[in-house]
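[1] Coordinates only, no sequence provided:
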């Protein structure tokens, strides 16, 4: 039985994504990616837009003396958010492949919850351009912005 | 190469700070080489950080963390005064997906530094360094700081491990 299931991982994946869209539950999409639970990323729908957040946890600290979040975790979180945005919102079949990723750090990430929102700027036949923005206190004081290209 | 006393003292502090703390510890990365302006590290494959559950390929976010750690550490090795080097920006190009179950090797180099900015390049590969999985450029600011330094982190960690002399206020309160 399990061998048969393993033969169609892509179909299982697509079925799970479709189910998540029907239930309007982006959290189940994010849970399909092991890296999301590794850093503790979560997602929900707020005002018809996907909102991602990352609760504070000791394993995400980069500088223990401040303490501050690891810059790589903020980057990884934004890349993950951008990928989930594509998987959940766009009608594609496979898992998007990241081509490049550019990240600007604007403020230090303090040891508290980080929020993120993404915006798909362009969807072509092959390439998707997504921007992501991360903040902690208020949306208009972002701690980092990112821009990535995905092949679909 | 002449013996570099500062590096000899700095090396274990940096290795400790990166491998035994927070996200570096959670990732399980190993710093294999620490020299002035150059860092090499190794990341053994982990199933927890998979980004594509269909193929078992690690998530791009891990490569971001590895390269950010390596470039940031490389930037710190060139600081000559008490200072910190926060990341300004980082750009990553993924040349091809990482292969599952194989270690990822990372090398970061400082290729230029000015009075305010440190410019770094990083490379991540698995079997062939000539055929890398990702390349990155990252820039760091030089910000003077007397309070935040690696020696301070090391001392804080030691204090936590060995509670010598000082008694914390809570202990004093409870002792009354």
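    Okay, I see it. Everything numeric in this text was worked out from a predicted model, so none of it was measured.

[2] Report the closest residue of chain B relative to chain A.
    Nearest residue of chain B to chain A, counting by C-beta to the nearest C-beta: residue B:61, 2.3 Å away. (Each C-beta comes from the backbone N, C-alpha and C, glycine too.)

[3] The helix ranked longest in chain A - what's its average pLDDT?
    Longest helix of chain A, by residue count under DSSP state H: helix A:71-89. Per-residue pLDDT values over helix A:71-89 give a mean of 93.

[4] By proximity to chain B, which residue of chain A wins?
    For chain A, C-beta to the nearest C-beta, closest residue to chain B: residue A:76, 2.3 Å.

[5] so that residue touches residue B:67, yeah?
    No: Residue A:76 is not in contact with residue B:67 according to C-beta atoms under 8 Å; the separation is 10.9 Å.

[6] Mind checking which of those two has more residues around it?
    residue A:76 (32 against 29; other C-beta atoms under 10 Å in any protein chain shown).

[7] Excluding covalently adjacent residues, which one is nearest to the more buried one?
    Excluding the flanking residues, the one nearest residue A:76 by C-beta to C-beta, 6 or more residues apart in numbering or on different chains is residue B:61, at 2.3 Å.

[8] doesn't residue B:54 fall inside a helix?
    No: Residue B:54: not assigned to a helix; according to DSSP: H, G, I helix; E, B strand; the rest coil it is coil.

[9] show me the contacts for the residue positioned nearest the centre of chain A.
    Centroid-nearest residue in chain A: residue A:81, 1.5 Å away (criterion: C-alpha atoms, centre = their mean). By C-beta atoms under 8 Å, 6 or more residues apart in numbering or on different chains, the residues touching residue A:81 are A:41, A:43, A:50, A:52, A:116-118, A:132.

[10] Show me where the chain has its helices.
    Answering for chain A, as no chain was given. A:2-6, A:9-22, A:26-30, A:34-39, A:71-89.

[11] oops, I was thinking of chain B
    Assigned by DSSP H, the helices in chain B fall at B:5-19, B:22-27, B:60-77, B:150-161, B:169-175.

[12] so which of the ones you listed gets nearest residue A:24?
    Of all the helices of chain B, it is helix B:60-77 that lies closest to residue A:24, at 25.1 Å by C-beta to C-beta.

[13] that older thread, any idea how far the residue of chain B closest to chain A lies from residue A:70?
    11 Å (C-beta to C-beta, to the nearest Å).

[14] Among the two, which residue is more densely surrounded?
    residue B:61 (29 against 26).

[15] excluding its backbone neighbours, what's nearest residue 143?
    Picking chain A for this. For residue A:143, ignoring the flanking residues on the chain, the nearest one in space by C-beta to C-beta, 6+ apart is residue A:107 at 4.5 Å.

[16] wait, I meant chain B there
    residue B:84 (5.2 Å).

[17] low-confidence ranges in chain B?
    B:1-2, B:146-157, B:163-176 (pLDDT under 70).

[18] same deal with chain A?
    In chain A (pLDDT under 70), the answer is A:1-7.

[19] ok now do the residue nearest in space to the middle of chain B, which residues does it touch?
    In chain B, the centroid-proximal residue (C-alpha atoms, centre = their mean) is residue B:69; its distance is 3.0 Å. Counting by C-beta under 8 Å, 6+ apart, residue B:69 makes contact with A:70, A:72, B:18, B:24, B:29, B:41.
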